[in-house]
Each structure stands twice: as structure tokens, then as C-alpha cells.
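Chemist: coords please:
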Amino acid sequence: MSIDILQSKIRKLKTPIMVGLDPTRTLIPPELLADCEARLGVGLEALAEGYCLFCKGILDALKKTVPAVKVQSACFEALGWQGVKVMQEVLAYAKKQGYYVLLETMRSDVEHIAALTAESVFEGLDIGGERTFPYPCDGLVLTGYLGSDGVKPFLPHLQQAEEAACKNLFIVLRSSNRSAVEVQDLLSGDRVIYRAMADLAQRWNTERVGKFGYGELGAVVAAQSPLALQELRKRYDKLFFLVPGLGAQGGAVKHAAYAFDRLGHGAIVCVSRSVIGAWQESAGMDYPEAAQKAVEKLKSQLSDHIMVL
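Modeler: Alright, predicted model coming up:
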């Protein structure tokens with residue numbers, strides 16, 4: 001099972017941390033971008049190449065420390081086709097390096113569009129009799145707030161008998177943006193909205209439970225919502241949690257710890273800018289080394305609250 005692969009990687013490294021590859025122009029070291037522009041000229045191609053080299057540098061630096069990465073499609077798509085091409089290269093490189101790879105789109109849609117996305121990302125495309133995977137990854141982040149039409153086409157891919165073909169979905173329950181309270185914390189009958197979404201996620205979760213006790217469908221719950229994390233961890237014991245909101249977004253490590261079970265399983269925290277942008281606060285340190293130091297610091301902070309057994 002794919003979720004077991006993720007949990008096993010976490011246990012091996014004793015590091016329940018996923019690093020988000022969310023590159024922007026301001027996060028690329030000036031000398032790296034200058035070199036790309038000297039070779040390719042000033043423009044989208046050089047910036048995309050800068051994203052590619054930057055992400056590969058991060059992946060090389062963290063491969064013995066971090067079990068998983070999340071690639072934010074919006075950062076790459078913002079550069080047009082050059083960015084999408086680079087994103088495909090980064091996804092493939094991360095898989096080759098042995099990471100569990102999550103692709104974040106935050107997008108779900110009407111059924112036929114969702115089915116097209118599921119085929120492209122999870123099933124692969126039949127091109128000339130050969131199966132091609134444009135976006136190699138182990139899982140996908142979706143928002144389920146459009147309802148089941150945007151989720152159900154992905155569910156069969158969570159139940160593949162062959163381990164290599166089995167994929168994960170992470171459904172957004174409580175996001176880390178400030179305005180999430182305007183919708184996700186509203187009451188709907190006797191439940192808040194994020195609880196209603198959690199009930200749907202529980203229903204969508206497959207009956208297959210891995211050796212660590214979790215199904216292939218997970219949930220995104222922000223560290224800024226400690227009460228939600230406590231409530232949801234207690235009520236939905238088969239959902240694996242992805243916890244964003246630490247670092248640059250101000251979430252507390254002690255609150256993120258509520259997502260884990262008593263064995264330190266069942267969750268992974270996700271950080272991006274505080275790791276990939278750590279070089280900006282580290283005078284004289286190159287960006288791969290700064291990223292490594294930032295991960296080690298967060299790992300130490302987490303160990304004050306949880307122990308991965």
C-alpha cells in the first residue's frame with residue numbers, strides 16, 4: 001500500500017517532514033538565476049531552468065534526511081509551458097532519488113475533467129501502445145469542496161492490487177490560509193464545514209487498511225487549527241494527516257503534534273519557504289546547506305513533542 005510506503009520512509013529516517021517545492025523568483029539565489037540568464041537569455045526559459053536547478057539542489061541535499069516532498073504545480077504553471085516541462089522533470093527526479101512524491105493541485109472539477117486528470121496523473125496515457133506518465137508521483141492533493149464528482153474518478157487508483165500502481169489522495173479539510181475560517185469553520189447543521197468534509201473523506205476512504213492502520217486516502221489539516229487536529233485525530237483514526245502551516249505561516253510545532261497517534265504515526269508535517277528559502281536568513285551559507293540546517297532544526301523541535309516508533 002502506498003500510504004505504508006510513506007509511513008515506512010518516515011520511520012526509517014525518524015523524520016515526519018515533507019518539504020514543499022514551491023519555487024518563486026525571489027527564492028532562487030541571484031547567482032543561480034544569473035547563470036541561467038547568461039546561458040539562455042532573460043526570460044521564462046531561464047527562470048524555469050533556475051527553478052529546475054534549484055529544486056534539484058534541494059532534493060540532492062535532503063535525500064538522506066527527508067522522506068517526502070510536495071511539488072506545488074501553481075508555481076511551475078505560472079511560467080507557462082516552460083514551467084510545466086520543468087515540473088515534470090522535477091517530479092521524475094524526485095522519484096528517482098527515492099522520495100515519496102506528492103503533487104499539489106488543490107483542484108477538483110466536474111466528473112469528466114476529474115477523470116481526465118486521474119488518467120494523466122495516476123493511470124498514465126497510452127501513447128503508441130506504451131504507457132506514459134506525464135506527472136510521476138505517489139499521490140495528489142485535492143480539495144473536495146466541489147463534492148464527490150471531483151473525487152470519485154480518483155478512488156479506483158487507491159485500490160490497485162499492485163503496490164506500485166496504488167496511489168494516495170489527500171483531501172483538504174482545514175486549510176492553512178487565514179480566511180479559511182470564513183467558510184470551513186461555519187456551522188452546517190450540527191457540524192462545522194470541515195467536519196462535514198471529513199465525514200465525506202471517511203466515506204471515500206477505501207476499506208483497505210495498511211499495516212500501520214491507515215487507509216490510502218488522507219486529509220489536509222492545518223497546524224493553525226489545534227482544536228480541529230485534536231478532534232479529527234480522535235474521530236477519524238484511519239485518515240493519514242498532512243499538516244501544513246508551520247514555518248512561514250506561523251503554525252506551532254506543539255499543535256502539529258496533535259495530528260500523530262501514540263506511536264508517532266499517521267501524520268506528516270509540510271514546510272516549504274522556511275526550508276527552501278532558509279538561505280536568505282543564513283549569511284554565507286549556500287541554499288542546499290541552509291535547507292538541511294532548517295530541516296534538522298524542525299526535526300529537533302518535533303522530537304520535543306512526538307517520537308516516531
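
Chemist: in this protein, which residue is closest to the centre?
Modeler: Of all residues in the chain, the one closest to the mean position by C-alpha atoms, centre = their mean is residue 70, 3.6 Å from it.

Chemist: would you say that residue is within a strand?
Modeler: Yes - per DSSP: H, G, I helix; E, B strand; the rest coil, residue 70 lies within a strand segment.

Chemist: Distance check, it against residue 174.
Modeler: Distance, residue 70 to residue 174, using C-beta to C-beta, to the nearest Å: 17 Å. Every C-beta, even on glycine, is put in place using the N, C-alpha and C of the backbone.

Chemist: Quick check: bridge partners of the residue nearest to the centre of the chain?
Modeler: residue 20, residue 102 (DSSP bridges).

Chemist: need the contact list for it.
Modeler: Residue 70 is in contact with 18-21, 101-104, 141, 270, 272, counting by C-beta atoms under 8 Å, 6 or more residues apart in numbering.

Chemist: I'd say residue 104 and residue 142 touch.
Modeler: No - when contacts are counted by C-beta atoms under 8 Å, residue 104 is not listed as touching residue 142 (9.1 Å).

Chemist: what about the helices in the chain?
Modeler: 2-13, 30-40, 44-62, 73-77, 81-96, 111-118, 181-184, 193-204, 226-235, 253-256, 273-276, 287-303 (DSSP state H).

Chemist: Tell me which of those helices sits most buried.
Modeler: When you average the neighbours per residue for each of these (mean count of other C-beta atoms under 10 Å), helix 273-276 leads with a mean of 23.

Chemist: Could you export that one as CSV, CA atoms only?
Modeler: C-alpha atoms of helix 273-276 as CSV (Å, rounded to 0.1, in the frame of the first residue of the first chain):
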residue,chain,number,x,y,z
ARG,A,273,9.5,28.5,2.4
SER,A,274,11.1,28.1,5.8
VAL,A,275,13.3,25.4,4.3
ILE,A,276,13.8,26.2,0.6
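
Chemist: And the contacts of it?
Modeler: Residues from elsewhere that reach helix 273-276 (C-beta under 8 Å, 6+ apart): 19-23, 27, 54, 58, 246-248, 287, 291, 294-295, 298.

Chemist: quick one: contacts of the lengthiest strand in the chain?
Modeler: Across the chain, the longest stretch assigned as strand under DSSP state E is strand 168-174. Residues outside strand 168-174 that contact it (C-beta under 8 Å, 6+ apart) are 2-3, 6, 102, 106, 138-145, 151, 154-155, 158, 180, 184-185, 194, 197-198, 200-201, 204, 216-222, 225, 228, 232, 240, 242.
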